[in-house]
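Undergrad: Turn this into a structure:
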Amino acid sequence: MKVQDKIRSIREIYQWTQEDMAEKMGIATSSYSKIERGESKLDFEKLNQIAQIFNISMEELISQQGMVFIVNANDNNGDHSANFYSSSDSLILENENLKLKLAHCKEMLLQKDKEIELLRRLTDK
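TA: Model prediction:
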């Protein structure tokens, strides 16, 4: 699975729109959609930012199994680019998807507990 497909899958697990992701990244929706379509280069900083938004490590995002990491640097004009290719199998992706769902459920439970505590305090007054 390509990295951009994995990004789309993880975004869909969180039930976020492309607009949501673009806002979280501070970029235009059209720029984000190019990332998911593979029309935009994913440099280290973008991958790291996306991994942080998803609350996973960059290694999990790009899956080390079957991954090829190529960095092209040109010192003449300061251009740097990185290409990531991943061919992780579906079980690894499914495991990561389940981890994300579990983390999301834990966050929702924590939020629920906070709301219950707030309501208890309000009713005690």
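
Undergrad: Tell me where this protein has strands.
TA: Taking DSSP state E, the strands of the chain run over residues 68-74, 79-85.

Undergrad: where does the nearest residue to residue 38 once chain neighbours are set aside land on pLDDT?
TA: In this structure, residue 38 finds its nearest non-sequential neighbour in residue 4, 4.5 Å apart by Cβ to Cβ, 6 or more residues apart in numbering. Every residue, glycine included, has its C-beta placed from N, CA and C. What the model reports for residue 4 is a pLDDT of 88.

Undergrad: where in the chain is pLDDT low?
TA: 64-91 (pLDDT under 70).

Undergrad: Could you pull out the helices in it for me?
TA: 3-13, 18-25, 29-37, 44-54, 58-62, 90-124 (DSSP state H).

Undergrad: who touches the fourth one?
TA: Spelled out, it's helix 44-54. Contacts to helix 44-54, defined as Cβ atoms under 8 Å, 6 or more residues apart in numbering, come from residues 3, 7, 10-11, 14, 21, 24-25, 35, 57-58, 60-62, 82, 84, 100.

Undergrad: Make a ChimeraX selection of the buried ones in those.
TA: To isolate the buried members of the contacts of helix 44-54 in ChimeraX, using 16 or more other Cβ atoms under 10 Å:
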select :3,7,10,11,14,21,24,25,35,60,61,62,82,84,100
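
Undergrad: what sits against residue 11?
TA: Listed by Cβ under 8 Å, 6+ apart, the contact set of residue 11 reads 18, 20, 21, 36, 54.

Undergrad: go on, residue 5?
TA: Contact partners of residue 5, counting by Cβ under 8 Å, 6+ apart, are residue 36.

Undergrad: how much space between it and residue 122?
TA: Going from residue 5 to residue 122 by Cβ to Cβ, to the nearest Å gives 46 Å.

Undergrad: now residue 43
TA: The gap separating residue 43 from residue 122 is 48 Å, by Cβ to Cβ.

Undergrad: Between the two, which is the more surrounded one?
TA: residue 43 (15 against 8; other Cβ atoms under 10 Å).

Undergrad: returning to that earlier point: these two touch, right, the residue nearest to residue 38 and residue 32?
TA: No: applying Cβ atoms under 8 Å as the test, residue 4 and residue 32 come out as separate, 10.7 Å apart.
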